[in-house]
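Trainee: Provided below for reference: sequence and predicted model.
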Amino acid sequence: MTEPLLHIERLSKSFGALKATDDVSLTLKPGEIHALIGPNGAGKSTLIKQIAGGLAPDAGRIHFAGQDITTLPTPARARAGLGRTFQISSLAMDYTVLQNAVLGAVGQRGTVWRFFKPVMGDAELRATAMAALERVGLADHATTRTAELSHGQRRLLEVAVALTLQPRAFLMDEPMAGLGASGSKRLTGFLDGLRSEAPILLVEHDMDAVFALADRISVLVYGKVIATGTAEEIRANPEVREAYLGEEDAA
Amino acid sequence: MTRSALINLVLFAMLPVTALIALALDEPFIITLATKAAILALAGVGLNIALGLGGLVSLGHAAFFGLGGYAMGILAHHAQTFTPLMEAPFLIEGTKSMPVIWLTAVIAGALAALLIGALSLRTSGVYFIMITLAFGQMLYYFAISWPAYGGEDGLSIYVRNGFPGLNTLDPIQFFAIAFVILAAVLFIAGRLASSPFGLALAAARQNPERVETVGLSPYRLRLLAFVISGAITALAGALFADLNRFVSPTMLSWHMSGEIMIFVILGGVGRLYGPVAGAALFILLEHILGGLSDFWHVYLGLLLLLVVLFARGGMIGALAGREVAHD
């Protein structure tokens, strides 16, 4: 069995009486897509925040690539190789699409402490950025101001910026949201190929995408992981059906 | 040439052209006004790196401006009274040499900005404004209550400091010094804005979370911007004190911080040449309206209100249109 790249051990986080993360353990192995599903308010985004940084857990450890990252600040986790996309797009809105991607390339290269070389004239950074934009299909919009992009396009740009970081693992929080049927299908195909570059911990509401992509699925309900398994196992699990999929069937 | 490039060129040429015309007409007072505008613009260029590029609303930049002024005042005071600054553990004498004074001012400004920034940048928004204001006022009251260097009365320097090979008492030559420094700093600030550092700093202004996610620390980016900003403003302070041959706690007061911010806002926040336009306009208004009424600040306030309400990009923004996203 392959050693997991990301290993979350008994993570807990409470807000007052609310247990947002309740003794959660999960792993992300090289080459896989591990989907995290659960009804609204199950604590998926809270969990992602604790993994990416920005929210300290009350208890538990997070190991990434052989390193305990539980207490590292967000930038250090990114440098360690965690590429994150946000549930609500978090981009530099005044910048062009290309500038956002170049920012990622600058972060990846770690050459921010340079003060005289024009950054947009750097052929290598531009090439990295353009390559990432081409992969998600945003190359035609390179000179568009980010604020003028549609919501779906912003999600794609988030993915592109994460690509420029050449991370060792992706944390993606609902990348399909706002994409529409065809865009969602296209991204599904793209993520399918991406897993061989770096494994993906995927939070997603689009169940078609989740069941098409995920090697393993974990179901989060009220902060607790109630089941982890393959798509078939999760479909067959009565507890999951009751807690989550049942609601969907009824709807 | 784009419209904004043309405006920048006009703004850049405006000061030396004014000074040269004044020289031809034998109007040394006008040359001094142009010098004052150049020096205040320099202070604004310094603030603009923190405010425009980094989004750091500092109401304490008078601290750096005044520190630069006192660097000049203290060094020149010891030189003119032939007393050493300190004797133990090693001897430091005063100096009348501008380059030495500038270097001292820049280092003092940078160190002060490092200390003030390291603490203030842990806060944001209105707290950052208040804490920078508090640091500035601390220095102001310290200068007032410290009798060794004139206290409230300030320090007068009888002869302007010297620059090798130039006669600094000649208005046009002193203007040339101030303008060349302004031009050099504008060049540096322009390069800085388009560098990887500038890209990341301005991104941290728009969205700090985004910058963290690509592995960069907004705090460090802002701290460095604050230090560079403080150093430039201190250099302007040293020149300003040399222009007046006088330094007093007024330079450290929060009114001064507000004035520097007004140059930036009038001209256009985040525009490289914004402070040049703002400072020139300020001097012009002070000269023209100040001659009409002691209460000319009423008109300045009105103008500021109009700019903030109707021309968010300042004067340059109003003339050049919205800044196009460039790559």
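Mentor: Nice, I can see it.

Trainee: all helices for the stretch 51-200 of chain B, in order.
Mentor: Under the criterion DSSP state H, counting those that start in this stretch, the stretch 51-200 of chain B carries helices at the ranges B:61-80, B:98-120, B:125-145, B:171-194, B:196-206.

Trainee: output the first one as PDB, nothing but the C-alphas.
Mentor: Looking back up the chat, that one is helix B:61-80. The C-alpha trace of helix B:61-80 is given here as PDB (Å, rounded to 0.1, in the frame of the first residue of the first chain):
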ATOM      1  CA  HIS B  61       4.300  59.400   7.800                       C
ATOM      2  CA  ALA B  62       5.100  62.800   9.400                       C
ATOM      3  CA  ALA B  63       7.200  60.700  11.800                       C
ATOM      4  CA  PHE B  64       9.500  59.800   8.900                       C
ATOM      5  CA  PHE B  65       9.400  63.200   7.300                       C
ATOM      6  CA  GLY B  66      10.300  64.800  10.600                       C
ATOM      7  CA  LEU B  67      12.900  62.200  11.400                       C
ATOM      8  CA  GLY B  68      14.600  63.100   8.100                       C
ATOM      9  CA  GLY B  69      14.300  66.800   9.000                       C
ATOM     10  CA  TYR B  70      15.800  66.200  12.500                       C
ATOM     11  CA  ALA B  71      18.600  64.100  11.000                       C
ATOM     12  CA  MET B  72      19.600  67.200   9.000                       C
ATOM     13  CA  GLY B  73      18.900  69.600  11.800                       C
ATOM     14  CA  ILE B  74      20.900  67.700  14.500                       C
ATOM     15  CA  LEU B  75      23.900  66.900  12.200                       C
ATOM     16  CA  ALA B  76      24.100  70.500  10.900                       C
ATOM     17  CA  HIS B  77      23.500  72.000  14.400                       C
ATOM     18  CA  HIS B  78      26.500  70.100  15.800                       C
ATOM     19  CA  ALA B  79      28.600  71.100  12.800                       C
ATOM     20  CA  GLN B  80      27.700  74.800  13.200                       C
END
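
Trainee: just name the most buried of the helices of the stretch 51-200 of chain B.
Mentor: Among the helices of the stretch 51-200 of chain B, ranked by average contacts under mean count of other C-beta atoms under 10 Å in any protein chain shown, first place goes to helix B:61-80 (a mean of 28). Every C-beta, even on glycine, is put in place using the N, C-alpha and C of the backbone.

Trainee: how far out from the middle of the chain is that helix?
Mentor: The chain centre lies 14 Å from the centre of helix B:61-80; the measure is C-alpha atoms, centre = their mean, to the nearest Å.

Trainee: tell me what it is packed against?
Mentor: Judged by 3 or more C-beta pairs under 8 Å, 6 or more residues apart in numbering or on different chains; DSSP states H and E, helix B:61-80 is in contact with helix B:28-48, helix B:98-120, helix B:125-145, strand B:155-156, helix B:218-244, strand B:246-247, helix B:254-267.

Trainee: closest one to B:Thr32 among the helices of the stretch 51-200 of chain B?
Mentor: helix B:171-194 (5.6 Å; C-beta to C-beta).

Trainee: that closest one: how far from the chain's middle?
Mentor: Worked out by C-alpha atoms, centre = their mean, helix B:171-194 lies 12 Å from the chain centre.

Trainee: helices or strands up against that helix?
Mentor: helix B:3-24, helix B:28-48, helix B:218-244.

Trainee: who wins for proximity to chain A among these?
Mentor: Closest approach to chain A among those is made by helix B:218-244 (7.3 Å; C-beta to the nearest C-beta).

Trainee: any idea of the mean pLDDT in the closest one?
Mentor: Mean pLDDT, computed over helix B:218-244, is 97.

Trainee: repeat for stretch A:238-251
Mentor: 65.

Trainee: quick one: pLDDT of the residue of the stretch 151-300 of chain B found nearest chain A?
Mentor: At 3.0 Å from chain A, B:Val214 is the closest residue in the stretch 151-300 of chain B, using C-beta to the nearest C-beta. Confidence at B:Val214, expressed as pLDDT, is 96.

Trainee: check A:Met1 too.
Mentor: With respect to pLDDT, A:Met1 has a value of 54.

Trainee: show me chain A divided up by domain.
Mentor: A:1-81+A:167-251, A:91-165 (automatic domain parsing).

Trainee: now the helices of the stretch 51-200 of chain B as CSV including mean pLDDT and distance to A:Asp122?
Mentor: Output for the helices of the stretch 51-200 of chain B, formatted as CSV (pLDDT from 0 to 100; distance: least, C-beta to C-beta, whole Å):
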stretch, mean pLDDT, distance to A:Asp122
helix B:61-80, 96, 32
helix B:98-120, 97, 28
helix B:125-145, 96, 32
helix B:171-194, 96, 11
helix B:196-206, 96, 8
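
Trainee: show me the contacts for the residue most central in space within chain A.
Mentor: Closest to where the C-alpha atoms of chain A average out (C-alpha atoms, centre = their mean) is A:Met172, at 1.4 Å. Neighbour list for A:Met172: A:84-85, A:159, A:162, A:191, A:200-204 [criterion: C-beta atoms under 8 Å, 6 or more residues apart in numbering or on different chains].

Trainee: so how far is the helix or strand harbouring it from its chain's centroid?
Mentor: Counting by DSSP states H and E, the element that carries A:Met172 is strand A:169-173. How far strand A:169-173 lies from its chain's middle: 2 Å, per C-alpha atoms, centre = their mean.

Trainee: can you tell me how far A:Arg109 is from chain B?
Mentor: A:Arg109 is 8 Å from chain B, where distance means C-beta to the nearest C-beta, to the nearest Å.

Trainee: excluding chain neighbours, what is closest to that residue?
Mentor: A:Leu125 (7.1 Å; C-beta to C-beta, 6 or more residues apart in numbering or on different chains).

Trainee: now swap in A:Glu174 and tell me
Mentor: Distances taken as C-beta to C-beta, 6+ apart place A:Gln87 nearest to A:Glu174, at 5.0 Å, with adjacent residues excluded.

Trainee: now that neighbour, what's its secondary structure?
Mentor: Secondary structure state of A:Gln87, per DSSP: H, G, I helix; E, B strand; the rest coil, is coil.

Trainee: mind checking how far it is from chain B?
Mentor: 12 Å.

Trainee: quick check: phi and psi at the closest residue to chain B within chain A.
Mentor: In chain A, no residue comes nearer to chain B than A:Gly107, which is 3.0 Å away by C-beta to the nearest C-beta. Dihedral pair for A:Gly107: phi -60, psi -40, per degrees, to the nearest 10.

Trainee: ok, how many other residues are close to it?
Mentor: By other C-beta atoms under 10 Å in any protein chain shown, 26 other residues sit near A:Gly107.
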